[in-house]
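>>> Got a predicted model here, sequence first, then my questions.
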Amino acid sequence: MEVDEAAGPSGGAHAAITPASPAAAEASSASLASVVLAPSGTTGSVSIALHPLVIMNISEHWTRTKAQAGGPQTVFGALIGQQRGREIELMNSFELAHHRLDGRDVIDREYYALKESQFKQVFSDMDFLGWYSTGEAPGPAEIDIQRQICEINESPLFLQLHPAARHTDLPVAIYESVVDLVGGQARLLFVPLTYSLQTEEAERIGLDHVARISGAVDDGHSQVDEHVMVQHSAIKMLASRVQVILRYVREVHAGALPFNHDVMREAKALADRLPVLESARFQPEFYTQCNDAALLTYLGTIMKSCNHLNQFIKKFNVLYQRQGGHGRRLRGMFF
């Protein structure tokens with residue numbers, strides 16, 4: 001509002017109130033529209049457990065899209081996992097298709113329905129819990145996507161990965177949405193959530209192999225190798241002790257050694273603690289564990305071969321440039 005003072009016919013002053021300019025109103029509306037985070041006093045209502053597989057999937061999605069498009073692009077995807085009360089576990093993810101319409105990103109619902117039916121066939125115990133994107137901080141565009149995802153899940157989570165982050169902390173932020181009053185209007189706002197990392201044995205082994213390949217120096221050893229060697233030594237020692245007990249029992253049975261009731265009772269107790277190998281549960285679990293171990297071995301071999309091939313491509317390109325060749329250069333597998 002503006003107040004103007006002017007002298008009247010009697011020499012007094014009077015005040016004239018004029019409405020604010022349209023530019024000021026537009027600036028105020030724009031400032032309200034840019035508010036996407038809830039006040040700092042707002043706390044989250046759920047606890048999050050994040051698996052590294054989700055971060056690896058998002059990183060691979062963004063890297064592949066960047067290589068195909070020739071520059072950084074914003075990517076979108078869905079988060080799946082399990083929810084038990086207020087505890088949410090984000091375990092996996094898949095990509096979402098989108099297109100631009102009137103200057104805004106629109107999620108392809110048909111593509112989502114197709115992907116949902118596919119992952120339900122494989123991960124029947126997981127549910128759709130939210131979506132992910134890449135960027136430095138959430139803005140009005142993310143609020144618009146959140147409204148679209150709310151049509152699928154009434155309270156979806158939003159995970160944002162910042163690929164260009166330079167700090168040492170994990171560049172991942174997770175939000176939930178709340179409805180709050182901003183400037184007298186109901187607005188959808190993001191509330192930051194705290195999360196913890198939760199890994200399984202297969203994820204730890206895969207991450208260790210990735211870290212070895214990513215390192216500049218590969219000495220052929222890793223924490224997984226050391227852990228396996230410790231387990232191998234323990235099993236070898238256990239086998240030797242079992243052989244000692246077995247020999248003692250055989251000698252007692254043959255009459256070469258006197259019968260000791262205390263020792264035989266302890267041997268019988270140890271034998272009762274061993275798993276029953278002829279049970280109906282042993283064979284399926286044993287073969288499943290063997291298949292998992294073989295799959296992880298194959299995965300490590302493939303990753304090592306990809307690393308060697310990538311190093312060969314880099315060296316070939318350097319040599320090709322030194323020779324002054326002109327033409328199409330080989331492209332690496334990782335960008």
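Yep, it's here. Note that the structure is predicted; figures quoted are calculated from it, not measured.
>>> can you map out the helices along the chain?
22-33, 52-69, 109-122, 140-150, 201-214, 223-254, 261-273, 282-322 (DSSP state H).
>>> Take those and write them to JSON lines, including distance to S177.
(Glycine included, C-beta is placed from N, CA and C.) Output for the helices of the chain, formatted as JSON lines (distance: least, CB to CB, whole Å):
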{"stretch": "helix 22-33", "distance to S177": "16"}
{"stretch": "helix 52-69", "distance to S177": "19"}
{"stretch": "helix 109-122", "distance to S177": "18"}
{"stretch": "helix 140-150", "distance to S177": "5"}
{"stretch": "helix 201-214", "distance to S177": "28"}
{"stretch": "helix 223-254", "distance to S177": "39"}
{"stretch": "helix 261-273", "distance to S177": "52"}
{"stretch": "helix 282-322", "distance to S177": "37"}
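>>> Make TSV out of those and add distance to T43 and mean pLDDT.
As requested, the helices of the chain are exported to TSV (distance: least, CB to CB, whole Å; pLDDT from 0 to 100):
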stretch	distance to T43	mean pLDDT
helix 22-33	23	50
helix 52-69	23	88
helix 109-122	30	88
helix 140-150	19	90
helix 201-214	29	64
helix 223-254	36	84
helix 261-273	48	84
helix 282-322	40	84
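>>> now for these, which one comes closest to N92?
helix 52-69 (6.0 Å; CB to CB).
>>> need the contact list for the residue positioned nearest the centre of the chain.
Centroid check for the chain by CA atoms, centre = their mean gives V54 as the closest residue, at 2.2 Å. Going by CB atoms under 8 Å, 6 or more residues apart in numbering, V54 touches L79, L90, M91, N92, S93, Y132, L159.
>>> need the contact list for the last one.
Residues counted as contacts of L159 (CB under 8 Å, 6+ apart) are 50, 54, 58, 79, 90, 130-133, 172-175.
>>> Pull the distance from the top strand by length along the chain to the chain's centre.
As assigned by DSSP state E, the longest strand anywhere in the chain is strand 172-182. Centroid separation for strand 172-182 versus its chain: 20 Å, with CA atoms, centre = their mean, to the nearest Å.
>>> Strand partners (parallel or antiparallel) of it?
Next to strand 172-182 in the sheet, as set by DSSP bridges, lie strand 157-161 (antiparallel), strand 185-193 (antiparallel).
>>> mind listing what's buried in that strand?
By neighbour count on 16 or more other CB atoms under 10 Å, the buried set for strand 172-182 is V172, A173, I174, Y175, E176, S177, V182.
>>> One more: stretch 158-167?
By 16+ other CB under 10 Å, the buried positions in stretch 158-167 come out as F158, L159, Q160, L161.
>>> Report the spatially nearest residue to the first one, omitting neighbours in sequence.
The one in question is F158. Y175 (4.5 Å; CB to CB, 6 or more residues apart in numbering).
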